[in-house]
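# Model the following, please.
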Amino acid sequence: LAAIGPELLGSGEALAGTGGTLRNLAKIDRRQRDYPISRVHGYALDRARLAEALVSAEKAVEVSPDDSMSYAIRAFVKDWNADRSLIEEREAQRFLTEAEQDAVRALQLDNTNTLALVFYAEILVDQQKWSSAQQNIEQAFTRGEEIMDLYRVNAYVQESLGNYNLAIENYDHAITLAPN
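Here you go, the predicted model:
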């Protein structure tokens, strides 16, 4: 897989991407830098900024070791740091394993944390554990919350299962909940 996959980004190169998770990561980064423009279209987030996001997430867990949301956010950030276009496969697998552990810990601390359940579903898709991801996202929907990430990740789950029309519907709904 490493031989046919995308090359790692070199120093000074940035990853271009689309989708809700990347948009949310850019929003977090934008807030940390007091970026003056509210829209994330065309926003650049490179490997260094992903590393800084991880440091911030690590600090949040260190400061609040019993806070479910801190673990959920760290799981989210580790999942995005597992991008195989940025790092070697072994490192990506380590990040995904740690992301899953953080998502589980977030749910142990607060089993009502819907966002932790949603991020866990996203991590499971990235680990190619599609049926578990689908179970998590279905459980998250039973909670009745209108969260953009719930619909974004459900779209990602549905897309990975080949349910493209359902994926499009969920991406559209996610956009209506958070158009920026």
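# just checking, Leu115 touches Met69?
Yes: between Leu115 and Met69 there is a contact under CB atoms under 8 Å: 7.1 Å. (Each C-beta comes from the backbone N, C-alpha and C, glycine too.)
# Those two - which one has more neighbours?
A count of neighbours by other CB atoms under 10 Å puts Leu115 above the other of Leu115 and Met69, at 21 against 15.
# Okay, and that one sits in which element?
When elements are assigned from DSSP states H and E, Leu115 belongs to helix 114-126.
# Give the other helices and strands that that helix contacts.
Judged by 3 or more CB pairs under 8 Å, 6 or more residues apart in numbering; DSSP states H and E, helix 114-126 is in contact with helix 68-81, helix 89-109, helix 130-141, helix 148-160.
# any chance of those in a markdown table, with mean pLDDT and distance to Ala167 too?
Output for those, formatted as a markdown table (pLDDT from 0 to 100; distance: least, CB to CB, whole Å):
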| stretch | mean pLDDT | distance to Ala167 |
| --- | --- | --- |
| helix 68-81 | 94 | 19 |
| helix 89-109 | 96 | 22 |
| helix 130-141 | 96 | 12 |
| helix 148-160 | 95 | 4 |
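# got a markdown table for the ones you listed, with distance to Leu177 too?
A markdown table is the format used below for the helices and strands packed on helix 114-126 (distance: least, CB to CB, whole Å):
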| stretch | distance to Leu177 |
| --- | --- |
| helix 68-81 | 17 |
| helix 89-109 | 22 |
| helix 130-141 | 14 |
| helix 148-160 | 4 |
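# Perfect, I'm done here.
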